[in-house]
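**Q** Structure for this input, please:
(one chain, ligands or ions: 1)
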Amino acid sequence: MLHIQSVNQFYNQSHILWDLDLHLKEGTCGCLLGRNGVGKTTLLKCITGLLPIRQGQILLNGTDITRMSTENRARGGVGYVPQGREIFPLLTVEENLKISLGARPDRARQIPEQIYQLFPVLKEMKHRRGGDLSGGQQQQLAIGRALVLDPKLLILDEPTEGIQPNIVRDIGDVIRKLNNDMGLTVLLVEQKLPFARRVADDFFIMERGRVVADGPIGALSDELVQQYLTV
Ligand SMILES: Nc1ncnc2c1ncn2[C@@H]1O[C@H](COP(=O)(O)OP(=O)(O)OP(=O)(O)O)[C@@H](O)[C@H]1O
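**A** Got it, this is the predicted structure:
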């Protein structure tokens, strides 16, 4: 589904991603793990097009998206929930969701009801300003906004960061539902291992800009955790 081949990425002279390969299977949920600063967010931004890559290739369902703009990738099915959520605090919940409508290929004018079914709180609060929502509600709004585009691949950067446990559980349930019941392919960066083990099918561990271990989440051993993830 998503094939990342020999990607190299730099910030000016700093070489951040090194010949990175990653293959995410259709309909699975993959979790990208790794210590701070290994390049996880950088990789996600390369997939969304926010950072054009210097070398390598990214294929989505066989289409080469390496040189496509972020907008075209979004139209082509790449949904992104950035770290820190980046919702618009002065716009209402509904306006935040509607922002994505213009990029839908079918030019729909209404928020798909399915979004409100997945996140009833967004319906209850649709006339409230984004900035008035709790962190967990804002995260649900950020996921809802990405889903408005009807993506094929949903990318989430640390969706549970700074969120209270009951909402973390709800977000995990929604990711599983999107993935299991609706067949959406998911790639997430996550620091919380219990959450990763609950929602992911496969893991990818990064170290110094490369994927150094991967496999089914059940094979994420204590040794791997010790070697690559504990600080
Ligand atoms: N805009 C930037 N300009 C220069 N260097 C950057 C920039 N963004 C990130 N870096 C550096 O690139 C490296 C990889 O950062 P990145 O944010 O991708 O790591 P990460 O694995 O997502 O870490 P974290 O878990 O802390 O978010 C780090 O050394 C970071 O300092």
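
**Q** tell me how far the ends of stretch 23-40 are from each other?
**A** Using CA to CA, to the nearest Å, the end-to-end distance of stretch 23-40 comes to 15 Å.

**Q** close to the ligand, is that stretch?
**A** Yes. Judged by CB under 6 Å from any ligand atom, stretch 23-40 comes into contact with the ligand through 34, 36-40. Just so you know, the C-beta spots here come from the backbone N, C-alpha and C atoms, and that holds for glycine as well.

**Q** Just the buried residues out of these, in ChimeraX syntax.
**A** Restricted to buried positions by 16 or more other CB atoms under 10 Å, the ChimeraX selection for the residues of stretch 23-40 next to the ligand reads:
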select :34,38,39,40
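
**Q** As TSV, the residues of stretch 23-40 next to the ligand with pLDDT and secondary structure would be great.
**A** Converted to TSV, these look like this (pLDDT from 0 to 100; DSSP: H, G, I helix; E, B strand; the rest coil):
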residue	pLDDT	secondary structure
34	96	coil
36	94	coil
37	94	coil
38	96	coil
39	96	coil
40	97	helix
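
**Q** what's the closest of the residues of stretch 23-40 next to the ligand to residue 53?
**A** Nearest to residue 53 out of those is residue 39 (CB to CB; 12.1 Å).

**Q** List the contacts of residue 206.
**A** 20, 32-34, 38-40, 43, 212 (CB atoms under 8 Å, 6 or more residues apart in numbering).

**Q** that older thread, of all the residues of stretch 23-40 next to the ligand, which two lie farthest apart?
**A** Farthest apart among those - using CB to CB - are 36 and 39, which lie 10.3 Å from each other.

**Q** Could you identify the pair within the contacts of residue 206 that is furthest apart?
**A** Farthest apart among those - using CB to CB - are 20 and 33, which lie 14.3 Å from each other.
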